[in-house]
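Participant: sequence first, predicted coordinates after that:
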Amino acid sequence: MKTSFETEKLSDLMVKELHERKYPSWIFDENTLIIIDANQRAKEFCLYEKNELVGLSITELWKDEDLSDLLYDLDLHSSERSFYGNLKHKKKNGEIVEVRIRATRQLNPKTYWEVHLL
């Protein structure tokens, strides 16, 4: 679950844009790998109920080999605004699906990334 400190870090505009997106999207903190917020499409795609997705670690959504690649990419692209990648995504029911993502660094705070499934 979001703490009040984490909630305060998300601007109203960031939350509004996230929840208006027509594709699955969520925001996670690169330091903790915890999902801070997610839109309804992400919850439906991942097969999670209501706020189950918020508070999960992204390590629960991606296969280990892809997760290590993602963490490498976060470090490699630390000075960039966004990058693309292909990952094996693990849904709540255990189903594995290949997805293409775009990860976009948020401007404030800079430790937050928004992930979009394309």
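Facilitator: Done, it's in.

Participant: how long is stretch 35-49 end to end?
Facilitator: From its first residue to its last, stretch 35-49 covers 15 Å (C-alpha to C-alpha, to the nearest Å).

Participant: all numbers from here: first residue = 835
Facilitator: With 835 as the first residue, the last one maps to stretch 869-883.

Participant: now residue 876: closest residue in space, sequence neighbours ignored.
Facilitator: residue 858 (3.9 Å; C-beta to C-beta, 6 or more residues apart in numbering). The C-beta positions use only the backbone N, C-alpha and C, and glycine is treated the same way.

Participant: chain center to stretch 859-866, what's the gap?
Facilitator: Counting by C-alpha atoms, centre = their mean, to the nearest Å, stretch 859-866 is centred 5 Å from the centre of its parent chain.

Participant: so what touches the helix or strand residue 908 falls within?
Facilitator: In this assignment (DSSP states H and E), residue 908 forms part of helix 898-910. Here helix 898-910 makes contact (C-beta atoms under 8 Å, 6 or more residues apart in numbering) with 864, 892-893, 896, 917, 919, 921-922, 937, 947.

Participant: run the last query once more with 6 Å
Facilitator: 864, 893, 917, 919, 921-922 (C-beta atoms under 6 Å, 6 or more residues apart in numbering).

Participant: tabulate the CA atom coordinates of that helix in PDB.
Facilitator: The C-alpha trace of helix 898-910 is given here as PDB (Å, rounded to 0.1, in the frame of the first residue of the first chain):
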ATOM      1  CA  ASP A 898      14.100 -13.400 -13.000                       C
ATOM      2  CA  GLU A 899      16.300 -13.200 -16.200                       C
ATOM      3  CA  ASP A 900      14.200 -10.300 -17.500                       C
ATOM      4  CA  LEU A 901      14.300  -8.600 -14.200                       C
ATOM      5  CA  SER A 902      18.100  -8.600 -14.000                       C
ATOM      6  CA  ASP A 903      18.100  -7.200 -17.600                       C
ATOM      7  CA  LEU A 904      15.600  -4.500 -16.500                       C
ATOM      8  CA  LEU A 905      17.700  -3.500 -13.500                       C
ATOM      9  CA  TYR A 906      20.800  -3.300 -15.700                       C
ATOM     10  CA  ASP A 907      18.800  -1.100 -18.200                       C
ATOM     11  CA  LEU A 908      17.700   1.200 -15.300                       C
ATOM     12  CA  ASP A 909      21.300   1.600 -14.400                       C
ATOM     13  CA  LEU A 910      22.500   1.900 -18.000                       C
END
